[in-house]
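Asker: Coordinates for the following, if possible.
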Amino acid sequence: MPIEMILLYIAALLYIAASGTAAFSAATGRAGYSYTAAPIAAALALHAAAIALRWLRLDHGPYVDLFEILSSNVWSLHLILLLATLSFRKLRGGLAMALPVLSILVLWMLAAPVKDTAPPVTYETFWLPVHMVLGKVFLGLVVVALGLCLVVVARRTTGLRFAHAPECAEAEALAHRVMLVAVVFQTLMLVAGAAWARDAWGRYWAWDPLESWAFLTWIAMLAYLHWRPRHQSSTVTNAALVIGIYVIAFATFFGVPFVSLAPHKGAI
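Answerer: Next comes the predicted model:
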């Protein structure tokens, strides 16, 4: 087995272990944040090494096929979640719900076929990595908000306590602030994507399936951000809207690119 895959499997186990410690901490209040942050940090280091080895061997970044896209997003989403929770203590309360969601991506990554694929010529542009990095930051911030909103919904529907998490109203308000930042990166992602499309195919926008879904996600974000200031007391409804936006964004990133015949199929 190649060393890059060994490193990846170890990293995957650490990601899942971090998800378990976060859930244990939320349920009992006995495990501190460091028991979750430490395995994530170790996993990120090992995973980065695995990505680097594959990058050096194939001479292209992790953005060509399903396995590479899942791998790069698993790494970037965990990184953004870790940085956000290190920087803002109140965001840590969403880890118990955000990390299990990311664990689904980890398992999907491990199940995806691993093959060596050459990038098409349309990927040879400055705008592609800019577009992808902005998109990963956007989705990472949505995952941060998602964790908080899942806590809100779970508390109201199941009565679970979620130790260390802020009260429902505060958690939803924090999620709203995170989404305000996320929409900035989402907008820049669309602009960079249009610039890439102009370089690659000679047009800025063509309403292909992926572009249409990306626009739908942006519209959903704007609709939520316009709704929320007028309905601040609708805590559960606002949290459910964020969860819905994540579902649309997830489909845009990991569904549509692999079922459509768009020219930039798979490029997220």
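
Asker: Is residue 155 in contact with residue 169, as I believe?
Answerer: No - using Cβ atoms under 8 Å, residue 155 is not in contact with residue 169; the gap is 11.0 Å. C-betas here are computed from N, CA, C, even on glycine.

Asker: Comparing the two, which residue is more hemmed in?
Answerer: Using other Cβ atoms under 10 Å as the criterion, residue 155 and residue 169 rank with residue 155 on top: 19 against 13.

Asker: Which residue, other than its chain neighbours, is closest to the more buried one?
Answerer: residue 168 (5.7 Å; Cβ to Cβ, 6 or more residues apart in numbering).

Asker: I'd say the one you found and residue 154 touch.
Answerer: No - counting by Cβ under 8 Å, residue 168 stays clear of residue 154, with 10.0 Å between them.

Asker: Could you report the neighbour count for the residue nearest to residue 155?
Answerer: 19.

Asker: For it, what are phi and psi?
Answerer: Dihedral pair for residue 168: phi -50, psi -50, per degrees, to the nearest 10.

Asker: try residue 162
Answerer: Dihedral pair for residue 162: phi 60, psi 80, per degrees, to the nearest 10.

Asker: Repeat that for the one 3 residues further on.
Answerer: Residue 165 adopts backbone torsions of phi -90, psi 140, taken as degrees, to the nearest 10.

Asker: is it true that it touches residue 150?
Answerer: No - the pair residue 165 and residue 150 fails to qualify as a contact (Cβ under 8 Å) at a distance of 10.3 Å.

Asker: Common neighbours of the two, please.
Answerer: With contacts defined as Cβ atoms under 8 Å, 6 or more residues apart in numbering, the residues shared by residue 165 and residue 150 are residue 94.

Asker: show me what contacts residue 96?
Answerer: Counted by Cβ under 8 Å, 6+ apart, residue 96 has contacts 22-23, 25-27, 147, 151, 162, 165.

Asker: Pick the one among those closest to residue 182.
Answerer: For those, the minimum distance to residue 182 (Cβ to Cβ) is 13.2 Å, reached by residue 147.

Asker: and that closest one, what is it in contact with?
Answerer: Contacts of residue 147 (Cβ under 8 Å, 6+ apart): 81, 91, 93-99, 101.

Asker: Dump the residues you listed into JSON lines; add secondary structure, pLDDT and distance to residue 202 as well.
Answerer: Formatted as JSON lines, the contacts of residue 147 follow (DSSP: H, G, I helix; E, B strand; the rest coil; pLDDT from 0 to 100; distance: Cβ to Cβ, whole Å):
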{"residue": "81", "secondary structure": "helix", "pLDDT": "97", "distance to residue 202": "38"}
{"residue": "91", "secondary structure": "helix", "pLDDT": "95", "distance to residue 202": "42"}
{"residue": "93", "secondary structure": "helix", "pLDDT": "92", "distance to residue 202": "48"}
{"residue": "94", "secondary structure": "helix", "pLDDT": "94", "distance to residue 202": "43"}
{"residue": "95", "secondary structure": "helix", "pLDDT": "96", "distance to residue 202": "45"}
{"residue": "96", "secondary structure": "helix", "pLDDT": "94", "distance to residue 202": "48"}
{"residue": "97", "secondary structure": "helix", "pLDDT": "96", "distance to residue 202": "44"}
{"residue": "98", "secondary structure": "helix", "pLDDT": "97", "distance to residue 202": "40"}
{"residue": "99", "secondary structure": "helix", "pLDDT": "97", "distance to residue 202": "42"}
{"residue": "101", "secondary structure": "helix", "pLDDT": "96", "distance to residue 202": "38"}
